[in-house]
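Peer 1: Quick one: sequence and predicted model below, then my questions.
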Amino acid sequence: MTLPSRSPGGRRPLPAVVLVARREIRVRLRSRVFVGGTILMTALVVIGIVAASLLAGRTTPVRVGFNDGSQALERTFTATATALGANVTVSDVADIATGEAQVTAGMLDVLVTGSATAPTAVAKAAVPPTVESALSLAAEAARLSDAGLSPAAITSAMALVPIQLLQPPDAKDTQNLLASLALGILLWIALGQYGNMVAQGVVEEKATRIMEILLATIRPTRLLAGKVIGIGLVGLLQLTIVGAAALIAVRLTNVVTIPALGVTSILADIFWFLIGFLFYATAYSAVASLVSRQEEVQSAVAPISILQITGYLLMYAALPNPSGPLATVASLLPPFAPILMAVRMAASDVPVWQVGLAAALAVASIVGLTWLAGRMYANAALRVGTRVRFKDAFRG
Amino acid sequence: MTTAPQRQLEIDGISKRYGQTVAVQDLTFQIRAGELFGFVGRNGAGKTTTMRVVLGVLAPDAGAVRWLGQPLTLETRRRIGYMPEERGLYPKMRVAEQLAYLGELHGMTGVDAREASGRWVERFGLADRRDAELQALSLGNQQRIQLAAALVFGPDMLVLDEPFAGLDPVAVDVMSGVLREQAQAGLPVIFSSHELELVERLCDRVGIIDHGRMLACGTVAELRAGGRERRWLDVPGAPDGWETGLPGVRLVQTDGSRRLFELDPGVDDQVLLQAGLATGPVREFERVEPSLGELFRTVIGEAAA
């Protein structure tokens, strides 16, 4: 007798749900749909982020080279530019000719020459206004210092006028809305894809008649649970890969200032994917169990698909005003919450109670749907041939 | 007197109806361990329903199925090797992996399941296709894998719905060999088939079912004993209709001067012979063993009458 062990070699029989889920994972991970889909989604997300960063113009700092006496401005310039919100790097340039060659070649954005009190600058194209202001202010500070003012007096003389914003910078800028929308679309695609995968899987087992062999060894509810868990984990893995790629791309391109692409937002997305997947997977499996052929799947799942498409359209309607009544109400309803709440959370600050309420309602409806789907599936699983009526599947 | 529960699969009074249609009506029979039981009947007679009830895939309206005297549970049912009428496996799953998966679903450990899967794939000469998708195999080889799926976990019983349907002659021999071997290993084996010659040759006992009722059940010899005796008689000079008037004798078939008679139970065949001799010289007098096919038609015909 061999000792029981938990080794992957499998020295003890595994629970049926685990076996079913494991089969789903193995088969799906090997499929071209998964590999191709992951590559495609990752590519789209990374391209989107790079595009966003280019639009935002924050990818590369403005490179400013200082020659000769103007090098004394470097520290003040950097500090002032930072205070003004510009991203700059400074470097020493040995002689003007080299510096101008670098500017022409695009290796340097601005070349500052001359003395610290009267510098002149050369640039290939337009210089961002914040950089220009920072340079002027740095030169002014140098002149004041020349005139004998103490550093403290200069600082106080040149203090920037603080402007208090009555409306704090809302994340409602265009980039963030676009990023939120992109996340919503991705989430929507993933939910549709994995929900349909569950539907196809249920029908595959009916169509190939393996259902009868399976149900002679395992309870229908466990078969269904294993399938949903397996496919859900595959979806989670795919989204995690895409999410990780997104986070890396964000780090590399410096678009961290877009809140919709932050860690919190992406984690929230994965959470809402799980909720949405459980909701739609159970709904899809219930209606899919009514038919026996792959050709019938699309018409059988139509009511659920319509709900999903409604969520998609609501996303567009709600996004311009993520805290408005339409967005708020729709994002609390279980069929729409996974996408709308995720998008709202990315696009703006959502009160915690709303997130909690949406999650609670969604979980409650998932519990109910699971009961319903298990019942319908168990009753309809072996009825092959004509479409089973909802009433019959429900009553058994 | 107490006896150990018989090693037999008992089908005890099961009934199942679908709406107004009676599929199975108060059906009772047993399959003993080590016995090959052939289940014959017309299409729609209730064979598949019975097997599905045994497997627990269908719940009967009444009656019970017992193994070793105990009603079947999910645990004991997992020990049944089953081949449904509608064949089905995952078309896109690899052969060996699929068998191992089914082995594990029937309660094997991963190690044992992979070992058994490899053994059966090899046994059926498909070792070089073990990593092929099932759909890439020929139909005949898919059938072999289907049988392997019923055997991979070392079942306690075998229930096979039309295992011979669609098999080529070589595959029929393989299937017959495997079923014999499993019965000899001590399993109760029940299978349904329309191939009555095959059933007659292969089975220890036969059950004939029609309209959901068991019409006859027993060894072929027992069924013959319950049926009517037949005699071939060749009296070349006899006029037509010479036998009319003999009680309990009926002409079934004429072949030139040879005639096949059927005798009602209890009728003495010597009376027939005497009557023949009375009309002329008897060249041939032969006792005919009815085939299972003939018994089947007789039994079904009587039930309908």
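Peer 2: That came through fine.
Peer 1: Helix, strand or coil: sort out A:Gly230 for me.
Peer 2: Three-state assignment for A:Gly230 (DSSP: H, G, I helix; E, B strand; the rest coil): helix.
Peer 1: Who are the contact partners of it?
Peer 2: Counting by Cβ atoms under 8 Å, 6 or more residues apart in numbering or on different chains, A:Gly230 makes contact with A:20-25, A:28. To be clear about C-beta, it is placed using only N, CA and C from the backbone, and glycine gets the same treatment.
Peer 1: what number of residues lie near the closest residue to chain A within chain B?
Peer 2: When scored by Cβ to the nearest Cβ, chain B has B:Gly110 as its residue closest to chain A, at 1.9 Å. By other Cβ atoms under 10 Å in any protein chain shown, the residues close to B:Gly110 number 21.
Peer 1: try B:Phe164
Peer 2: Counted with other Cβ under 10 Å, residues neighbouring B:Phe164 total 20.
Peer 1: And the residue of chain B closest to chain A, how far from B:Ala221?
Peer 2: Separation of B:Gly110 from B:Ala221 (Cβ to Cβ, to the nearest Å): 47 Å.
Peer 1: Please apply the same query to A:Asn321.
Peer 2: Taken as Cβ to Cβ, the span from A:Asn321 to B:Ala221 is 88 Å.
Peer 1: the more surrounded of these two?
Peer 2: Comparing A:Asn321 with B:Ala221 by other Cβ under 10 Å, the one with more neighbours is A:Asn321, at 14 against 9.
Peer 1: give me every residue that touches the closest residue to that one other than its chain neighbours.
Peer 2: Among residues not flanking A:Asn321 along the chain, A:Ala327 sits closest, at 6.3 Å (Cβ to Cβ, 6 or more residues apart in numbering or on different chains). Residues near A:Ala327 by Cβ under 8 Å, 6+ apart: A:318-319, A:321, A:340, A:344.
Peer 1: Can you give the contact residues for the helix or strand where A:Ser299 lies?
Peer 2: For A:Ser299, the host element (DSSP states H and E) is helix A:294-300. By Cβ under 8 Å, 6+ apart, the surrounding residues in contact with helix A:294-300 are A:196, A:199-200, A:203-204, A:207, A:287-288, A:290-291, A:305, A:387.
Peer 1: What residues does the stretch 51-200 of chain B have near chain A?
Peer 2: Counting by Cβ under 8 Å from any Cβ of the partner chain, the stretch 51-200 of chain B comes close to chain A at B:52, B:55-58, B:74, B:77-78, B:80, B:82, B:84, B:86-93, B:97, B:101-102, B:104-111, B:113-114, B:149.
Peer 1: Please flag which of those residues sit within strands.
Peer 2: Of these, the ones assigned to strands by DSSP state E are B:80, B:82.
Peer 1: Can you turn the buried subset of the residues of the stretch 51-200 of chain B next to chain A into a selection I can paste into ChimeraX?
Peer 2: Per 16 or more other Cβ atoms under 10 Å in any protein chain shown, the buried members of those correspond to this ChimeraX selection:
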select /B:52,55,56,57,58,77,78,80,82,84,87,88,89,90,91,93,97,101,102,104,105,106,107,108,109,110,113,114,149
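Peer 1: Helices of the stretch 1-150 of chain B, residue ranges please.
Peer 2: B:47-55, B:74-77, B:95-105, B:110-123, B:139-151 (DSSP state H, counting those that start in this stretch).
Peer 1: Is it possible to get TSV of the ones you listed that adds distance to A:Thr42?
Peer 2: Converted to TSV, these look like this (distance: least, Cβ to Cβ, whole Å):
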stretch	distance to A:Thr42
helix B:47-55	46
helix B:74-77	43
helix B:95-105	28
helix B:110-123	33
helix B:139-151	37
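Peer 1: Nearest to B:Pro236 among those helices would be which one?
Peer 2: helix B:47-55 (45.8 Å; Cβ to Cβ).
Peer 1: Show residues contacting that closest one.
Peer 2: Helix B:47-55 is contacted by residues A:212, A:216, B:9, B:11, B:14, B:16, B:23-24, B:27, B:39-41, B:58-60, B:63, B:65, B:72, B:77, B:80, B:82, B:84-85, B:159, B:161, B:190, B:192, B:209, B:212 when judged by Cβ under 8 Å, 6+ apart.
Peer 1: circling back: relative to B:Cys217, which of the contacts of helix A:294-300 is nearest.
Peer 2: A:Ala207 (36.2 Å).
Peer 1: Could you check the pLDDT of that closest one?
Peer 2: Note for A:Ala207: predicted pLDDT of 84.
Peer 1: quick one: it and A:Ser289, what's the gap?
Peer 2: For A:Ala207, the distance to A:Ser289 - Cβ to Cβ - is 12 Å.
Peer 1: what about these two, which has more around it?
Peer 2: A:Ser289 (28 against 20).
Peer 1: Residue of the stretch 101-250 of chain A nearest chain B, please.
Peer 2: A:Arg209 (2.9 Å).
Peer 1: What's the local residue count around residue 16?
Peer 2: All of this is about chain A. Neighbour count of A:Ala16, defined by other Cβ under 10 Å: 21.
Peer 1: Chain B was what I was after
Peer 2: 22.
Peer 1: Kindly report the same for the one 5 residues further on.
Peer 2: When neighbours are counted by other Cβ under 10 Å, B:Thr21 registers 9.
Peer 1: List the contacts of it.
Peer 2: By Cβ under 8 Å, 6+ apart, the contact set of B:Thr21 is empty.
Peer 1: Against B:Ile11, how distant is it?
Peer 2: 20 Å.
Peer 1: Show me the shaky parts of the stretch 1-150 of chain B.
Peer 2: Scanning the stretch 1-150 of chain B for pLDDT under 70 picks out B:1-5.
Peer 1: This completes my enquiry, with thanks.
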